[in-house]
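*Asks:* Sequence and predicted structure below; questions after.
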Amino acid sequence: MGKAERHHGFCALCRSRCGCINVVEEGRLVAVEPDPGHPTGAHLCAKGRAAPELVHHPERLTRPLRRTAPKGAADPGWREIGWDEALDEIAGRLAAIAAESGPQAVTFAITTPSGTAMSDHIDWVERLVRAFGASNTLYATELCNWHKDHATAFTFGEGVGVPDFERAGCLLLWGHNPSTAWLAHGQRLAEARARGARVIVVDPRRAGPAVKADLWLAPRPGTDGALALGLANRLLETGRFDRDFLADWSNGPFLVREADGRFLRRGAHYLCWDEASGQAVALDGRLPSERGVAPALDGSYEVDGEACRPAFDHYRRLCAGWTPERTAAATGVPAEQIEAAASLLWDSRPAGYYAWTGLGQHDNATQTDRALALLYALLGSYDAPGGNLQLPAVPAPAVAGRELVTPEQRARTLGLAERPLGPAAGGWVTGADFCRAVETGAPYRPRALVAFGSNLLLSQPDPARLSRALQALEFHVQAELFMTPTAALADLVLPVSSPWEHEALRLGFGRLVEGCERVQLRRPVAAPPGEARSDTAIVFELATRLGLANSFFGGDPEEGLRHRLSALGLTPEELRARPEGLPVPLEQRFRKYAEPAGEGRRGFATETGRVEVYSELFLRHGYDPVPAFRPSRAAPARGGSAARGDWPLTLSCAKVTQFCHSQHRNLPSLRRVLPEPRAELNPATAAAHGIARDGWLWLETAAGRIRVRAAFNPQLRPDLVVAQFGWWLTGRAAEPERHPAFGEGTVSYNALLADPPADPISGAPNLRSQSCRIAAAE
Ligand SMILES: Nc1nc2c(c(=O)[nH]1)N[C@H]1C(S)=C(S)[C@@H](COP(=O)(O)OP(=O)(O)OC[C@H]3O[C@@H](n4cnc5c(=O)[nH]c(N)nc54)[C@H](O)[C@@H]3O)O[C@H]1N2
Ligand SMILES: Nc1nc2c(c(=O)[nH]1)N[C@H]1C(S)=C(S)[C@@H](COP(=O)(O)OP(=O)(O)OC[C@H]3O[C@@H](n4cnc5c(=O)[nH]c(N)nc54)[C@H](O)[C@@H]3O)O[C@H]1N2
Ligand code: SF4
Ligand SMILES: [Mo]
C-alpha cells in the first residue's frame, strides 16, 4: 500500500456541499472524511462517505457513445466514438436545426444542482443555453425549488433566504426534512435546539426533525395552504402580529377599490387611510411612521367617491374564514395544535422558516407558498437577526449569461402564454409543456434535446408520455455518468467526470458570514475513467464549435475562472495553493429593506416595493390576490373517471438519506441499508389489507401499479401511504437488475402519475397528494 494523501475538498453531491478531506492512495480515492475546520465540514452523510464507490464504479461511462439501432430497438447498438466526432456532430446538428427552425427548437435539460454535482458547472451550462439562443431548459424547477425561490418573491421580492439558525428563537420547517436533504442545515437545527430554540415541523410524516420537535403538525398532504391560513387567523384574531412592520413595510395599508380590486392611486402614488387625520393620504418614498401617518389595516372607506378597503383587510377576511374548526376539518390537524403552533411562533420570536418540496409538489403550491410567506410576514422577523436572512455573497461577476437573453428568446419559452408568471418567465419549461409541444408542434416543435444530466424518465411524472416525446426527437444528446433509462433513449451519450475528477470553484458555503466568505477551488483527486470529461469542459468545447467562443473567454475555461476570480483580487494559482479555500471578507447586514436608497428606502423588490399582502399582479393575471386555498386535485383515471371509493388512500412521497433522486442505487454500501423500494403505511392499514411487516404490496393508482415493501409507521395517518421515488435498479448492487421506467414491472413512483393536475401559476404537478389503493403482493 502506498502512502495515503489527504486533500481538502467538499462533497458536491447535494445542496449541503459538506467540506471534506479526500483520502487518496495511488491515484484512487479510498475515503472521504469530514473536515471540521470547514464551514460545512462537521459531518458527512453516507452518500459522501460512499463516494469512492461512485468514483471507481465499474459501470461508469468512459467513452462517447453513438446509437446505431433505431429508437425503440431493444439494443441501441452503442458504438464508441471519439470526442471530436461527437462534438462536431452535436455542433453541426444544433446549428442546422437552429438555422432551419430557430434556436428555440433545441431544448436543454440540466439536472438539479441540489442533488448532483451540477452546481460545479451550472453557470457555464446556463451561459451556453442562453448564448445559443435557446428558450427552453428542462430543469425540474417546478418540482423542486421554484416555489421557495421564485413564488416567495411574489410576497418578499426575493427567495425564502435561510433561517438564522444561530439566533432564532423558533424554527419552522414546512415540508422540508434537513436530516435527509441538507445535512448542514440538519446539524445547525440540532445545535439550535440544544441551545433552546423551539422547533415546529409541518410534515404528514414524523421524520427527521419532527421526531424531537416541540410541535409536529401532520396535515393531510396538499392541505398546507389551509393550515397556513388557519394559523394566521389565530394570530390575527388575537392581535399577535407585528403591526408596525406591516404598516410600514407591507402593502397591507394600500387601499383596494371594491369595484375592480385594483389599488387606489393618486398619480403615481398608492393611497392609504390615515387614522390620525381621518382621510386618505398618498404614500411616498417615506415610511408612514416617519410622517406621522397611522395607516388603517382594516375597515371600509370611501375615497373620491370610491368604496375601498385596505389590502390587509382582504387578507384578514380570507383568514377569518379559516376558523380552528374549519382548518382542523380541512387539514386533519387538531384545533388545539393550531393554537399551540400559533402561540409558539409568536412567543418564541424571532422565527426562521424553511419550506421545500413537501410544499412545492402540489397543484396548489404557489398560493400555499404565498399563504406561508404571509404567515411569516406577520411575525416581523424577515431579514432580522434570528429571522430569515438574505446572506451576503462574494462579489464575483455572474457568468450564467442572463444578459445574453433577448426579449424574443424569452417570449418563446413554452408555457409562457399559459402561465406568464411561472417558471417559463425564467426560461424553464415544465415536463408537461415540453411533451405537449413535441406532440402537437404548437407553438413550435422541439426537435433536439441536449441534456446535462437529468434522468427525466424517473424524475418527471408520466414517464410513458415523456418517453414517447423523447423518442420523437430528431436528436438527443445525454451527458451522463451512467447509462440510465433516459440516456438509453439518446442518439449520443457523453461520459462526464464525477466531482472528484475535475476542478470546481465554489463561492461561499452559506453558513453564517464565515461560510459565505469561503471561496474554494476544489482540486481533482482522481483521474476520470477512460475519456470522461467535465460538463464545463464539454460546454466550452461545444461553445467554441458553435462559434460562441467570444462569449466563452476564447473557449478557455481557465480564462473564465481567472475572470471570475479577478474581481475578488484572487487568481487560480493562489486558490490552487490553498485547497481548503480562502476568505473574502463580507458583512452580514440585517433588515436591508430599511436601508436608504435614493430619496427613500430600499424596500422590497415587488411591484409595490413592499411585502405584498395583496398581489395586484396576481389579480391582473386572473389569480387570487390573497392566497385563497383550493384543495389539490388527484389525477384522473385513465380512460374516464373511476369512482372515488376505488382509491381510498392518499399517496405522497419523500426523499431518503441514502440516495439522491434516481441515483446511487448502484453503490453497495448505500444499497445494503435500503435494498428495495419501500412505502410507509400505518400497521392498521396494512393489517386491513393482509400486508405483513416488511411484506410486499402493490401500490396502485389509476395510471398503474408498482411493487414495494411495506415499512410500518404507526404515526402515519391510516389513510396515507408515503412511498419513495427514483427506483429503477432493484437487483443486487453488484449486478443491478434494471427495471423499465414505466409499464408492468416498473418500481418507479412517477409511473403512477399520468398527466397529473398542475398548479395554475407554476405548472407544478401534483406528485404528493394522489389517490391510491394497496393490496398484498405475496
Ligand atoms: N438524501 C437526499 N438529499 C437530497 C436530495 C435527495 O434526493 N436525497 N435531493 C435534493 C433536492 S434536489 C431537493 S429539492 C431537496 C428536497 O428536500 P426536502 O423537500 O426537504 O425533501 P423531501 O424528503 O422530498 O420532502 C420533505 C418532506 O415533505 C414531506 N411531505 C410530503 N408531502 C407533504 C405535504 O403535502 N405537505 C407537507 N407539509 N409535507 C409533505 C415528506 O414527508 C418529507 O419529509 O433535497 C436535496 N437533498
Ligand atoms: N415523485 C417525485 N418525483 C420527483 C421528486 C420527488 O420528490 N418525488 N423530486 C423532484 C426534484 S426535487 C428534483 S430536483 C428532480 C431531480 O430530477 P433529475 O435532475 O432528473 O435527478 P436524478 O433523477 O437524480 O437524475 C440525475 C442524473 O444526472 C446524472 N448526474 C449526476 N451528476 C451529474 C453531473 O455532474 N453531470 C451530469 N452531466 N450528470 C450528472 C446522474 O447520474 C443521474 O442519472 O426530481 C423530481 N422528481
Ligand atoms: S449531505 Fe452527504 S451528499 Fe450532501 S454534500 Fe454532505 S456528504 Fe455530500
Ligand atoms: Mo430538487
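*Replies:* Thanks, I have it. Bear in mind that the values here come from a model prediction, so they are computed numbers and not experimental data. Ligands and ions are numbered 1, 2, ... in the order given.

*Asks:* Show the contacting residues for P529.
*Replies:* 56, 60-62, 495 (Cβ atoms under 8 Å, 6 or more residues apart in numbering). All C-beta spots, glycine's among them, are computed from the backbone N, C-alpha and C.

*Asks:* name the element it belongs to?
*Replies:* Assessed by DSSP states H and E, P529 sits outside every helix and strand.

*Asks:* just to revisit the earlier point, using CSV, lay out the contacts of P529 together with neighbour count, secondary structure and pLDDT.
*Replies:* Listed next are the contacts of P529 as CSV, based on neighbours: other Cβ atoms under 10 Å; DSSP: H, G, I helix; E, B strand; the rest coil; pLDDT from 0 to 100:
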residue, neighbour count, secondary structure, pLDDT
H56, 15, coil, 98
R60, 22, coil, 98
L61, 23, coil, 98
T62, 13, coil, 98
P495, 25, strand, 99
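
*Asks:* OK, contacts around whichever residue of the stretch 251-400 of the chain sits closest to ligand 1?
*Replies:* The stretch 251-400 of the chain approaches ligand 1 most closely through G358 (2.5 Å), counting by Cβ to the nearest ligand atom. By Cβ under 8 Å, 6+ apart, G358 lies in contact with 174-177, 202-204, 224, 654, 768.

*Asks:* part of a helix, is C308?
*Replies:* No: C308 is assigned strand when assessed by DSSP: H, G, I helix; E, B strand; the rest coil, not a helix.

*Asks:* check contacts around it.
*Replies:* When contacts are counted by Cβ under 8 Å, 6+ apart, C308 touches 255-258, 264, 300-302.

*Asks:* Give me the subset of the contacts of G358 lying in strands.
*Replies:* The members of the contacts of G358 that map onto strands under DSSP state E are 174, 202.

*Asks:* Scan the contacts of G358 and report the most crowded one.
*Replies:* In terms of neighbours by other Cβ atoms under 10 Å, these top out with D224 at 31 neighbours.

*Asks:* Go ahead and list the helix or strand containing the closest residue to that residue other than its chain neighbours.
*Replies:* Distance criterion Cβ to Cβ, 6 or more residues apart in numbering; nearest residue to D224, sequence neighbours excluded, is T368 at 4.9 Å. Element membership for T368, per DSSP H and E: helix 365-378.

*Asks:* Run me through the strand neighbours of the helix or strand following that helix, direction for each.
*Replies:* Later in the chain than helix 365-378, the nearest helix or strand by DSSP H and E is strand 388-389. Using DSSP bridges, the strands paired with strand 388-389 are strand 162-163 (antiparallel).

*Asks:* next one: the strand it pairs with to chain centre, how far?
*Replies:* From the chain centre to the centre of strand 162-163 is a distance of 15 Å (Cα atoms, centre = their mean, to the nearest Å).

*Asks:* Please apply the same query to stretch 582-591.
*Replies:* With Cα atoms, centre = their mean, you get 25 Å for stretch 582-591.

*Asks:* cool, stretch 114-123 as well?
*Replies:* 13 Å.

*Asks:* and it, anywhere near ligand 3?
*Replies:* No: Stretch 114-123 is not in contact with ligand 3 by Cβ under 6 Å from any ligand atom; minimum separation 8.6 Å.

*Asks:* so for that stretch, what's the average pLDDT?
*Replies:* Stretch 114-123 shows a mean pLDDT of 98.

*Asks:* With only the CA atoms kept, save that stretch in CSV.
*Replies:* Output of stretch 114-123 as CSV, limited to C-alpha atoms (Å, rounded to 0.1, in the frame of the first residue of the first chain):
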residue,chain,number,x,y,z
SER,A,114,-29.3,20.4,-5.3
GLY,A,115,-29.0,16.7,-5.7
THR,A,116,-26.0,16.4,-8.1
ALA,A,117,-22.6,18.0,-8.7
MET,A,118,-24.2,20.1,-11.4
SER,A,119,-23.6,23.0,-9.1
ASP,A,120,-19.9,22.8,-10.3
HIS,A,121,-20.9,23.6,-13.8
ILE,A,122,-24.4,25.2,-13.9
ASP,A,123,-23.3,28.8,-14.6
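
*Asks:* who touches that stretch?
*Replies:* Contacts with stretch 114-123, where a contact means Cβ under 8 Å, 6+ apart, come from 12-15, 17, 110-113, 125, 144-145, 398-400, 452-453, 498-499, 502, 504, 506, 522, 534-536, 539, 660-661, 663.

*Asks:* thinking again about what came up before, want to throw the contacts of P529 into CSV with distance to ligand 1?
*Replies:* Below are these laid out as CSV (distance: Cβ to the nearest ligand atom, whole Å):
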residue, distance to ligand 1
H56, 21
R60, 20
L61, 21
T62, 26
P495, 23
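
*Asks:* follow-up on the earlier one: isn't the residue nearest to D224 right up against L375?
*Replies:* No: with contacts counted by Cβ atoms under 8 Å, T368 stays clear of L375, the gap being 10.6 Å.

*Asks:* Give me the more crowded residue out of these two.
*Replies:* Under the criterion of other Cβ under 10 Å, the comparison of T368 against L375 puts T368 first, with 31 against 27.

*Asks:* Before I go, just wanted to say thanks for your time.
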